[in-house]
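Visitor: sequence unknown, structure follows:
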């Protein structure tokens, strides 16, 4: 059973377009992380959100944690080729257990 | 401040051999997690350790796999009698002991290929 579902699984867009990636669950998390992973490398932490309804911005990336702390979204404005990678969400629960989403593979075409 | 270190980065083994994967957490971090990743897939939790203790090994196969995090030295993920299905990328992550512990920092991974 996959605790966190990400959509879409694959996304290919043109440079300059906007996109949104979703991370959904029926479980509540105490915090949620977003990572980006490039081929041959480990995941790199982008952001941690903790409070329900929280919105964090990182340059062209906007992260939102759902009010009920069950879901999250990542919005990228004016995507660039350097944004290409695998985006992973991970939810943390009280037992120090982290559950990773299924991943969204993003390709930004120049 | 060095990040999470893993070695080797690439490991080739023949079926039946043993694989030892090492992970040195970030300085000051006392929690270590091991994950497995297949191509184009997310991360699958294997085991969570603190110094000298296994906290949660629910994601690790009961046979052939073991993990330790000794008082001194790196955490070790050991796979005995490897089979082709063990071929994957294995990632280690560490987190601080308190306060920020809900954030994990990942190493570059060890890519295991079983021939």
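Guide: Received it, and whenever you're ready, just let me know what you need. The shown structure was predicted, so the numbers you read here are calculated from the model rather than taken from an experiment.

Visitor: Next one: the residue nearest the centre of chain B from residue B:65, what distance?
Guide: Note on chain B: the residue nearest the mean C-alpha position is residue B:34, at 3.5 Å, using C-alpha atoms, centre = their mean. Distance of residue B:34 to residue B:65, computed by C-beta to C-beta, to the nearest Å: 9 Å. (Each C-beta comes from the backbone N, C-alpha and C, glycine too.)

Visitor: what touches both of the two?
Guide: Contact with both residue B:34 and residue B:65 is made by residues B:46, B:77, according to C-beta atoms under 8 Å, 6 or more residues apart in numbering or on different chains.

Visitor: what about stretch B:2-20, how long is it end to end?
Guide: One end of stretch B:2-20 to the other measures 22 Å (C-alpha to C-alpha, to the nearest Å).

Visitor: can you check stretch A:43-55 too?
Guide: With C-alpha to C-alpha, one end of stretch A:43-55 sits 22 Å from the other.

Visitor: still on that earlier bit, which ones are touching the residue nearest to the centre of chain B?
Guide: Neighbours of residue B:34 in contact, by C-beta under 8 Å, 6+ apart: B:23, B:46, B:47, B:49, B:60, B:67, B:75, B:77, B:90, B:91, B:92.

Visitor: Okay, now the sheet partners of the helix or strand the second one falls within, with direction.
Guide: When you say that, I think you mean residue B:46. If you go by DSSP states H and E, residue B:46 is part of strand B:43-50. Paired with strand B:43-50 in the same sheet, following DSSP bridges, are strand B:31-37 (antiparallel), strand B:53-56 (antiparallel).
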